[in-house]
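Asks: sharing a model that was predicted from the sequence below.
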There are 2 protein chains.
Amino acid sequence: MAASEGSAPTLRDVGALAKVSTMTASRALRGDPKVSAQTTARVRAAAAELNYRRNELARGLRLGRTSGMVGLVVTNLANPFYSQLALGVEAVAASRGMKVVVSNTADRVERECEVVDDLAARRVDGIIVVPAGLEQGHLDPSYLKDIPVVLAARPPVGITADCALLDDFGGARQATAQLVADGHNRIGFLGPPAAWTSAERLRGFRTVLEGAGIALEDALVSCEQRDIATAERVAGNMLDQPDPPTAFFCANSRNTMGVCRAVKRRGLRTAVFGFDDFEMADMLDMSLRIVTYDPEALGRQAAEQLFQRLDEKRAVPGKAAAIARVILPTSIVDYTPAVPTAD
Amino acid sequence: MAASEGSAPTLRDVGALAKVSTMTASRALRGDPKVSAQTTARVRAAAAELNYRRNELARGLRLGRTSGMVGLVVTNLANPFYSQLALGVEAVAASRGMKVVVSNTADRVERECEVVDDLAARRVDGIIVVPAGLEQGHLDPSYLKDIPVVLAARPPVGITADCALLDDFGGARQATAQLVADGHNRIGFLGPPAAWTSAERLRGFRTVLEGAGIALEDALVSCEQRDIATAERVAGNMLDQPDPPTAFFCANSRNTMGVCRAVKRRGLRTAVFGFDDFEMADMLDMSLRIVTYDPEALGRQAAEQLFQRLDEKRAVPGKAAAIARVILPTSIVDYTPAVPTAD
DNA sequence: TTGTATGCGTTATCAT
DNA sequence: ATGATAACGCATACAA
């Protein structure tokens, strides 16, 4: 049999081999009870012999417009935060027999536009996106018509859409409050530029300081650096000033790591409070606390919200329920060694 | 205009609004020069007004069988290794206008089977997979017919397929050779169970020891642990023996971190050599070297191999070129602080 | 129980 | 330059 050539077999091929019509083959493979057991068996055998696999694309086309895929648009897959988020999305999608199409935007809004358009053209059932910027028109329901969108990690700006967020503000507030309670009144702040997340964390920081009547010095706030090396340099500059900070609050893990380096290399005991947990943080032997959370849970949450929309759309094709904005809590973990802190 | 309801607009809708046939609308939107400029403009305007987006699924169906997507099947997306690999695949795919469908198998072969079947049913153009086990029949070309498969990080077993691998053996050999050259002859080995990768690294380790005439003690080899805490305990047991190892070689990052913990907590200066770089490794203040590599490059490599197959298939639908097995090099980075090592 | 016609949205082919 | 027809692979509706 030289039948193993060329393109994939179709229902017609299966039908021909089983000596039934295309339609009967279709029904038999779906387990339609109206097909006789004998015929079903014969068709199944033919399908197996041909290694037939149903074309889900054609099936979807016939059945209505649903590809059984959800789009996931993230800014940087190499960042563990987003890859764990992706894992959460994938898990929920898989549990509903759906596939996830992942795209990386490298934080470029134009790329995000292209990607979202492409996903829409591929008729994904819905899209989960970590928006790269503040221009989000291409994510608006009026633009994407009936493709539901859920934003993750960053909120909608100028559009209406469901979203799943972390409690960036609350986490920062708690952290800063602890530092203030510990008696610190000169606290340095380091964070990455531009991200909404970072701005919220700075807002939480500011709020607590203002509430405590502590003036915010410009020289102790820096939101320009996104890599470890630069963060280390910036923190070093602050520490080498005549009146250095006695503590730091860092808005993301890269900045935290840079600050840890600067503090440790100077043999100081400056207290560090970071946002975003990282491996081996407990091995650093310094005063280090971290605001942490579960990125995978964030992904699961966003996916659940998306699927709720999809179910809702299926049930009541009319107008939809109110926009949901879910905020996931953060927690605090203390990596400061117990012993050496004894004064 | 109440035209914003229900399902997405089709070419017919666009044609109707522009008062041309479906066919002309199709041609106009593709920029066919045989359509007059006026008509093209009118069609474009209509499409814009309706927010029309071509249905790529239907298009693919008509044009032949290609979804413009590649499947990526990994064992654990939360592991930075695989998420960076995914980033590499995504980058190459994006540069060719393709999408990546990511699936997680959690190292379960049965899940891998389902996932691969599903991807095939969705008519992905090709699949890149990090195989979970040694049963790989479901990845064989005879089973998947004309969907090319490239294996990443782990080699084909019992099947013929292209693959992109790391030089696990060579990296381990180099590392072990350095330890031996440093005078170590009692070296502990810790690695995760079951993975091919880990076995190769153990083989490299063994090869060097045998070459150096150093006996391999069973008590100094443990391949049972995959998490940091267990690795720490296992390493601790070895260190607490009467005749503890003077060095460790670890086959993955979790084991390396666990060993670092055990060594550091005991205030020892045992040399540690790991496989897989990790953040803040340079902050640990201990004798630590690591065999490192570029997971993203591995993803890019696998994707390139896949696309080469696709191009080849397009050009010569007949038989294909020989199987390719590409091995990417590793390198060594030394995190040992310069100062305190002065004897 | 099985088969025929029809259409999903798109495009190739052949008219006009 | 534009339109009509058919077909990609599958499944609903109806007929036999």
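Replies: Happy to help now that I have it. All of these numbers come straight from a predicted model, not from anything done at the bench.

Asks: rest of the way, CA atoms for contacts and neighbours
Replies: Noted.

Asks: so A:Asn185 sits right up against A:Gly213, yeah?
Replies: No. Here A:Asn185 lies out of contact with A:Gly213, judged by C-alpha atoms under 8 Å, at a distance of 9.5 Å.

Asks: quick one, which of those two is more surrounded?
Replies: A:Asn185 (18 against 10; other C-alpha atoms under 10 Å in any protein chain shown).

Asks: dump the residue contacts of the more buried one.
Replies: Residues in contact with A:Asn185 (C-alpha atoms under 8 Å, 6 or more residues apart in numbering or on different chains) are A:Ile214, A:Thr246.

Asks: how is it assigned, secondary-structure-wise?
Replies: Secondary structure, DSSP: H, G, I helix; E, B strand; the rest coil: A:Asn185 is coil.

Asks: can you pull the phi/psi pair for it?
Replies: phi -130, psi 0 (degrees, to the nearest 10).

Asks: need the per-residue pLDDT for it.
Replies: At A:Asn185, the predicted lDDT confidence score is 93.

Asks: that one and A:Tyr335, how far apart?
Replies: Applying C-alpha to C-alpha, to the nearest Å, one obtains 22 Å for the distance of A:Asn185 from A:Tyr335.

Asks: one more: A:Arg30?
Replies: 56 Å.

Asks: likewise A:Asp32?
Replies: To A:Tyr335, A:Asp32 is 60 Å away according to C-alpha to C-alpha.

Asks: the more surrounded of those two?
Replies: With neighbours defined as other C-alpha under 10 Å, A:Asp32 and A:Tyr335 compare such that A:Tyr335 has more, 18 against 13.

Asks: so what's the more buried one up against?
Replies: Contacts of A:Tyr335 (C-alpha under 8 Å, 6+ apart): A:Ala281, A:Asp282, A:Asp285, A:Met286, A:Ser287, A:Leu288, A:Arg289, A:Ile290.

Asks: next, give me the two most distant ones among those.
Replies: With C-alpha to C-alpha as the measure, no two of the contacts of A:Tyr335 lie farther apart than A:Asp285 and A:Ile290, at 14.0 Å.

Asks: higher neighbour count, these two?
Replies: Neighbour tally, A:Asp285 and A:Ile290, criterion other C-alpha under 10 Å: the higher count belongs to A:Ile290, 26 against 16.

Asks: quick one: stretch A:94-114 near chain B?
Replies: Yes. Counting by C-alpha under 8 Å from any C-alpha of the partner chain, chain B is contacted by stretch A:94-114 at A:Lys99, A:Val100, A:Val101, A:Val102, A:Ser103, A:Asn104.

Asks: any idea what the residue in the stretch 51-200 of chain A that chain B sits nearest to is bridged to?
Replies: As assessed by C-alpha to the nearest C-alpha, chain B sits closest to A:Val101 within the stretch 51-200 of chain A, at 4.3 Å. Note on A:Val101: beta-bridge partners by DSSP bridges are A:Gly71, B:Val101.

Asks: correct me if wrong: it contacts A:Val74.
Replies: No. Counting by C-alpha under 8 Å, A:Val101 sits too far from A:Val74 to count as a contact (10.8 Å).

Asks: tabulate the contacts of A:Tyr335 in CSV, adding columns for distance to B:Pro156 and pLDDT.
Replies: Putting the contacts of A:Tyr335 into CSV (distance: C-alpha to C-alpha, whole Å; pLDDT from 0 to 100) gives the following:
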residue, distance to B:Pro156, pLDDT
A:Ala281, 38, 91
A:Asp282, 39, 88
A:Asp285, 44, 88
A:Met286, 46, 94
A:Ser287, 48, 96
A:Leu288, 45, 97
A:Arg289, 45, 98
A:Ile290, 43, 98
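
Asks: out of those, which comes closest to DNA strand C?
Replies: A:Ile290 (50.0 Å; C-alpha to the nearest atom of the strand).

Asks: report how many residues lie close to A:Lys19.
Replies: What A:Lys19 shows, counting by other C-alpha under 10 Å, is a neighbour count of 16.

Asks: got it, and A:Glu304?
Replies: Residues within reach of A:Glu304, counting by other C-alpha under 10 Å, total 17.

Asks: then the one 5 residues further on?
Replies: Neighbourhood size, A:Arg309 [other C-alpha under 10 Å]: 21.

Asks: any idea which element it lies in?
Replies: helix A:295-315 (DSSP states H and E).

Asks: and that helix, average pLDDT?
Replies: So the average pLDDT for helix A:295-315 ends up being 94.

Asks: just list what that helix packs against, helices and strands only.
Replies: Other elements packing on helix A:295-315 under the criterion 3 or more C-alpha pairs under 8 Å, 6 or more residues apart in numbering or on different chains; DSSP states H and E are helix A:80-95, strand A:126-129, strand A:149-152, strand A:162-166.

Asks: tell me which residues in the longest one are buried?
Replies: It stands for helix A:80-95. A:80-94 (16 or more other C-alpha atoms under 10 Å in any protein chain shown).

Asks: what's that helix packed up against?
Replies: Taking 3+ C-alpha pairs under 8 Å, 6+ apart as the contact cut, helix A:80-95 packs with strand A:69-74, strand A:99-104, helix A:295-315, helix B:80-95, strand B:99-104.

Asks: distance to A:Thr246 for these - can I get that in CSV?
Replies: Shown next, in CSV, are those (distance: least, C-alpha to C-alpha, whole Å):
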stretch, distance to A:Thr246
strand A:69-74, 36
strand A:99-104, 39
helix A:295-315, 30
helix B:80-95, 34
strand B:99-104, 45
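
Asks: could you dump these into JSON lines and include distance to DNA strand C?
Replies: Listed next are the helices and strands packed on helix A:80-95 as JSON lines, based on distance: least, C-alpha to the nearest atom of the strand, whole Å:
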{"stretch": "strand A:69-74", "distance to DNA strand C": "17"}
{"stretch": "strand A:99-104", "distance to DNA strand C": "20"}
{"stretch": "helix A:295-315", "distance to DNA strand C": "16"}
{"stretch": "helix B:80-95", "distance to DNA strand C": "20"}
{"stretch": "strand B:99-104", "distance to DNA strand C": "18"}
